[in-house]
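A.B. asks: quick one, fold the following:
(one chain, ligands or ions: 1)
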Amino acid sequence: MKQYILAMDAGTTSERAILFDRAGQLCAMAQEALHLDYPHDGWVEQDAAEIWDVQLRVCRRVLAEHGIRPEQIAAIGITNQRETTVVWDKATGEPVAPAIVWQCRRTAAQADELRRRGLTETLRDKTGLVIDAYFSATKLRWILDTVPGARRRAENGELLFGTVDCWLIWKLTGGRRHVTDASNAARTMLYNIRTLDWDADILRELDIPACMLPEVVPSSGIVGETEAALFGCALPIGGIAGDQQAALFGQACWQPGEAKNTYGTGCFLLMNTGTAPVRSGNGLLTTIAWNIGGTVEYALEGSVFVAGAAIQWLRDDVGLLEHAADSEALARAVPDAGGVYLVPAFTGLGAPYWDAYARGVLVGLTRATGRAHIVRAALESMAHQTADVLDAMQRDAGLALQSLKADGGASANDLLMELQADLIGVPVERPACVETTALGAACLAGLASGFWESRADIRRTREAGRVFHPQLDAARREAQRAGWRRAVSRALGWAKPE
Ligand code: ADP
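C.D. replies: A predicted model of the protein is given here:
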């Protein structure tokens, strides 16, 4: 009887159930969209009950549609949208409020208040994070402050908090397990990534009752079994990781200095920095990559706000493209961008510039500039911004990047991959299986259940993807990077009031 790992991928806009076999092959998938609600400007919420219903439905569907019996599932791995905050009643399992989604800005003022109280350095040291409404802490605080009776009930031990992984596991185990893993805990801004405990000082500062927080368990390890009634037999849950960390694991970035980049609307970069947390001098986040067998590994995390979104902009607003994928052929029509640089600082610039007043610029135009040059400059802007973050990570960590693992929608663009390799001077590897997030969760669960014996065993299953080697010599690379930095200098501070 063929065995599989069932990966649950609880994303922000959709949830998926994916089956992987022992050869690491993706054998079956079911997916369903999730609703997002925007009740006020800047607010983003979801129905936690729907998050559970949809996840259960896609799991049942993937088994039914492919004729797979529950006994064929060796273990379940869970990966999830991070930071999103759910609070529910311990007795009834009813959420007491809509889930507050990571993107939600409703607690921006609370985050400002924490900064005003001088907590920036303390929180940075303890949690590795830069104070922001993005993380779960202020979202949880908001629910306790605004839902009638919530604080009293939480103090009485009647309410539970969890990120989406935790909520799903609580539902899967019929309320028997209230757990999260270290990679998810590290995104709450309540968890001390050095002592590996919920931080009593932070809980006191934020007035959050410790009794509502989950137990933090390893990212790979059997944490419980599903209620037998859900799938027809009890299934072990063996892996948990936040989506970006799961992708880092799925991309086999298991050594310090190995990094992955997800090329989507924005870019999400993570670099494995080994068993000690690295403090960034460039505003990058320090986070837990995973805890396996009691060994915690850390990562530096950075993001690019506008990456594939620059291509979307050229398509939808400027009208230079019909489809995003056309950008490749068009940009290949010219040998280079002809000295043109696009800095898509539409909403300011993040790491390592951190300038909220930066705005987009298109520079270096001449009478010879055509559509193809501008499209090529947009692709180059994704690669340059990624190179900026990677430069910062290497400086922070004192590690030299050996190669970059790529995934995400825009990684399908071969020219982008070539440009990226040229601009960072190391190979870019795009795996055969681009479902790296689900694969990462499956690997964590598979290691826990003995489905795979070791990471080496997993590595043997990997099909070679495609490797893009740098073609540019160091002098030309540096010239292009210097041109980019000059272009960025034109973008900085643009919207700052005089
Ligand atoms: P997300 O998960 O962030 O919604 P995806 O991983 O689906 O994004 O990637 C979609 C983004 O990638 C869009 O911004 C789109 O413009 C860009 N994109 C998709 N395909 C290509 C391509 N072949 N070349 C360049 N950009 C692309």
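A.B. asks: residue ranges of the strands in the stretch 51-200 of the chain, please?
C.D. replies: Counting by DSSP state E, counting those that start in this stretch, the stretch 51-200 of the chain has strands at residues 73-80, 86-89, 99-100, 159-162, 179-181, 191-192, 197-198.
A.B. asks: and the contacts of the fourth one?
C.D. replies: In this case it means strand 159-162. 85-90, 96, 136, 140, 150, 153, 170, 178, 180, 208, 212-214 (CB atoms under 8 Å, 6 or more residues apart in numbering). Just so you know, the C-beta spots here come from the backbone N, C-alpha and C atoms, and that holds for glycine as well.
A.B. asks: also the last one?
C.D. replies: Applying CB under 8 Å, 6+ apart, the set of residues contacting strand 197-198 from outside is 185, 190, 191, 192, 210, 213, 216.
A.B. asks: let's go with 10 Å and repeat that
C.D. replies: 185, 188, 190, 191, 192, 208, 210, 213, 214, 215, 216 (CB atoms under 10 Å, 6 or more residues apart in numbering).
A.B. asks: please convert those residues to a markdown table, extending it with neighbour count and pLDDT.
C.D. replies: Below are the contacts of strand 197-198 laid out as a markdown table (neighbours: other CB atoms under 10 Å; pLDDT from 0 to 100):
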| residue | neighbour count | pLDDT |
| --- | --- | --- |
| 185 | 29 | 97 |
| 188 | 27 | 96 |
| 190 | 25 | 97 |
| 191 | 26 | 97 |
| 192 | 18 | 97 |
| 208 | 21 | 96 |
| 210 | 12 | 97 |
| 213 | 21 | 98 |
| 214 | 23 | 98 |
| 215 | 12 | 97 |
| 216 | 20 | 97 |
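A.B. asks: and which of these is nearest to residue 259?
C.D. replies: residue 185 (22.4 Å; CB to CB).
A.B. asks: what count of nearby residues applies to the closest residue to residue 396 other than its chain neighbours?
C.D. replies: Once flanking residues are discounted, residue 396 sits nearest to residue 280: 4.6 Å by CB to CB, 6 or more residues apart in numbering. For residue 280, the neighbour count with other CB atoms under 10 Å is 23.
A.B. asks: if we can go back for a sec, which among the strands of the stretch 51-200 of the chain is found nearest to residue 321?
C.D. replies: Comparing these under CB to CB, the one sitting nearest is strand 73-80, at 32.1 Å.
A.B. asks: give the rounded mean pLDDT of the helix of greatest length in the chain.
C.D. replies: Counting residues, the longest helix in the chain under DSSP state H turns out to be helix 371-397. Averaged across helix 371-397, the pLDDT comes to 96.
A.B. asks: check the offset of it from the chain's centre.
C.D. replies: For helix 371-397, the separation from the chain centroid amounts to 19 Å (computed by CA atoms, centre = their mean, to the nearest Å).
A.B. asks: please see if that helix touches the ligand.
C.D. replies: No: using CB under 6 Å from any ligand atom, we find that helix 371-397 stays clear of the ligand, coming within 6.6 Å at best.
A.B. asks: and the helix or strand that comes right after that helix, how far out from the chain's middle?
C.D. replies: Going down the chain from helix 371-397, the next helix or strand is strand 404-407, by DSSP states H and E. Remark: strand 404-407 is offset 13 Å from the chain centroid, using CA atoms, centre = their mean.
A.B. asks: which strands and helices lie in contact with strand 404-407?
C.D. replies: Contacts defined by 3 or more CB pairs under 10 Å, 6 or more residues apart in numbering; DSSP states H and E place strand 404-407 against helix 243-250, strand 259-263, strand 267-274, helix 371-397, helix 414-424, strand 428-430, helix 436-449, strand 466-468.
A.B. asks: at 6 Å instead, please
C.D. replies: Secondary-structure packing of strand 404-407 (3 or more CB pairs under 6 Å, 6 or more residues apart in numbering; DSSP states H and E): strand 259-263, strand 428-430.
A.B. asks: just the CA trace of it, in PDB.
C.D. replies: Extracted in PDB, the C-alpha atoms of strand 404-407 (Å, rounded to 0.1, in the frame of the first residue of the first chain):
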ATOM      1  CA  LEU A 404      20.500  31.200  -4.200                       C
ATOM      2  CA  LYS A 405      17.400  28.900  -4.300                       C
ATOM      3  CA  ALA A 406      14.500  30.500  -6.200                       C
ATOM      4  CA  ASP A 407      10.800  29.900  -6.200                       C
END
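A.B. asks: near the ligand at all, it?
C.D. replies: No: Strand 404-407 lies out of reach of the ligand by CB under 6 Å from any ligand atom, never closer than 8.2 Å.
A.B. asks: give me the mean pLDDT for that strand.
C.D. replies: On average, strand 404-407 scores 95.
A.B. asks: which residues touch it?
C.D. replies: For strand 404-407, contacts defined as CB atoms under 6 Å, 6 or more residues apart in numbering pick out 251, 259, 260, 261, 262, 428, 429, 430, 434, 436.
A.B. asks: got the residues of the chain near the ligand?
C.D. replies: So the chain meets the ligand at 264-265, 308-309, 311-312, 324-325, 327-328, 408-410, 412-413 (CB under 6 Å from any ligand atom).
A.B. asks: may I see the ChimeraX selection of the buried members of those residues?
C.D. replies: Selection of the buried residues among the residues of the chain next to the ligand in ChimeraX, burial being defined by 16 or more other CB atoms under 10 Å:
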select :264,265,308,309,311,324,327,328,408,409,410,412,413
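A.B. asks: let me know the closest of the residues of the chain next to the ligand to residue 45.
C.D. replies: Nearest to residue 45 among the residues of the chain next to the ligand, with distances taken as CB to CB, is residue 265, at 20.0 Å.
A.B. asks: please identify the buried residues of the helix or strand residue 460 falls within?
C.D. replies: Assigned by DSSP H and E, residue 460 belongs to helix 455-461. Buried residues in helix 455-461, counting neighbours by 16+ other CB under 10 Å, are found at 458, 461.
A.B. asks: just checking, what packs against that helix?
C.D. replies: So helix 455-461, by 3+ CB pairs under 6 Å, 6+ apart, packs with no helix or strand.
A.B. asks: restrict that helix to CA atoms and write it as CSV.
C.D. replies: Output of helix 455-461 as CSV, limited to C-alpha atoms (Å, rounded to 0.1, in the frame of the first residue of the first chain):
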residue,chain,number,x,y,z
ARG,A,455,17.9,15.0,5.5
ALA,A,456,20.4,13.0,3.3
ASP,A,457,17.6,10.6,2.5
ILE,A,458,15.5,13.5,1.4
ARG,A,459,18.3,15.1,-0.6
ARG,A,460,18.6,11.8,-2.6
THR,A,461,15.0,12.2,-3.7
